[in-house]
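S.K.: I'll drop the sequence and a predicted model, then ask my questions.
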Amino acid sequence: MPETLSGIVGVTLTFVLAGLVKGVAGMGLPTVAMGVLGIGMAPHKAAALLVIPSLVTNVWQSSFGRRLLRVLARTWPMLSVAAITTWMAAGLLTGRGADTGHLWLGSALVAYAAATLANFRICVPRRHEPWLSPAVGATTGIISGATGVFVIPAVPYLQALGFEAAELVQALGLSFTVSTLALAAGLAGHGAFPVGALEASTLCTLPALAGMSLGQLIRSRVDARTFRRLFLICLLGIGGELIGHSLLE
């Protein structure tokens, strides 16, 4: 956690904003938190702060619904491979590749925002899932380990599986939960998630939950498509800022 008052206020407001986005859109907490925090701190430090807020909110999200076992039975190949590769790739955030962390994080945000704004959609036939799910899991794990962002390509892939709305929410929650746990284990293995970071991450959960509650209250009062578009445009800007920051270093 930052030691200055301005730094603490900035982190607190970031998690309120990230929670609000998740409350309205059903996702986006790690993406927003990593994007905003990554501007002012090393990506592995930002990733350490978001572990507990991401875990709590995604366990909450995945626990609602009556088809959890059905969703898990269909997604476990992707989830298990994503967990292993995220854990293995976490060194990219803390090791020699850490110097390019802002570049990879910014690139991931820009790619996700641009693809979503372009309404990029795919449909995956059921017969291709046995080989495609592990491949998507591996790719997601590498990107998650390098950037702390769990959305590429897991989110577009899960959206392409034809889940019902409630099942998709649970599938996304499961995916983010597994990736969060794996990233936390990977960071801990590289000494980037000490007790102090755990305490700071736990404190960040309160503003995240407050923002999420606020987002759920205003969800029915805003146009979801307009909000989502503004959110994605902001991600493009944040991603561009991170890329520019990395190239100028």
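M.R.: Thanks, I have it.

S.K.: OK, contacts around residue 87?
M.R.: Each residue near residue 87 by Cβ atoms under 8 Å, 6 or more residues apart in numbering is listed here: 141, 145, 182, 183, 185, 186, 189. Any C-beta I mention is one placed from the backbone N, CA and C, and that applies to glycine too.

S.K.: for the closest residue to residue 21 other than its chain neighbours, phi and psi?
M.R.: Nearest non-adjacent residue to residue 21, counting by Cβ to Cβ, 6 or more residues apart in numbering: residue 28, 4.1 Å away. Phi and psi for residue 28, reported as degrees, to the nearest 10, are phi 110, psi -10.

S.K.: wouldn't residue 28 be in contact with residue 232 here?
M.R.: No. Using Cβ atoms under 8 Å, residue 28 is not in contact with residue 232, being 9.6 Å away.

S.K.: Neighbour count: those two, which is higher?
M.R.: Taking neighbours as other Cβ atoms under 10 Å, residue 28 and residue 232 compare with residue 28 leading, 23 against 20.

S.K.: Quick check, pLDDT for that one.
M.R.: Residue 28 carries a pLDDT value of 78.

S.K.: quick one: contacts for the residue positioned nearest the centre of the chain?
M.R.: With distances taken as Cα atoms, centre = their mean, residue 30 lies nearest the centre of the chain, 3.6 Å away. The contact partners of residue 30, taken as Cβ under 8 Å, 6+ apart, are 18, 50, 54, 148, 149, 150, 176, 180.

S.K.: Likewise for residue 204?
M.R.: Going by Cβ under 8 Å, 6+ apart, residue 204 touches 1, 11, 12, 15, 49, 50, 52, 53.

S.K.: is it true that the fifth one touches residue 197?
M.R.: Yes. Judged on Cβ under 8 Å, residue 49 makes contact with residue 197 at a distance of 7.2 Å.

S.K.: neighbour count winner among these two?
M.R.: Per other Cβ under 10 Å, whichever of residue 49 and residue 197 has more neighbours is residue 49, with 25 against 21.

S.K.: secondary structure element for that one?
M.R.: helix 43-63 (DSSP states H and E).

S.K.: Name the next helix or strand following that helix along the chain.
M.R.: On the C-terminal side of helix 43-63, the closest following helix or strand by DSSP H and E is helix 68-89.

S.K.: Quick check: buried residues in that following helix?
M.R.: By neighbour count with 16 or more other Cβ atoms under 10 Å, helix 68-89 contains the buried residues 68, 71, 74-75, 77-79, 81-83, 85-89.

S.K.: Please name whichever of the residues you listed scores lowest on pLDDT.
M.R.: For those, the pLDDT minimum is residue 68, 81.

S.K.: tally of neighbours for the closest residue to it other than its chain neighbours?
M.R.: Ranked by Cβ to Cβ, 6+ apart and with sequence neighbours excluded, the top spatial neighbour of residue 68 is residue 170, at 5.8 Å. When neighbours are counted by other Cβ under 10 Å, residue 170 registers 23.

S.K.: sorry, back to before: can you say which of the contacts of residue 87 are buried?
M.R.: Applying 16+ other Cβ under 10 Å to these flags 141, 145, 182, 183, 186 as buried.

S.K.: Which of those residues fall within strands?
M.R.: Assigned to strands by DSSP state E, none of those qualify.
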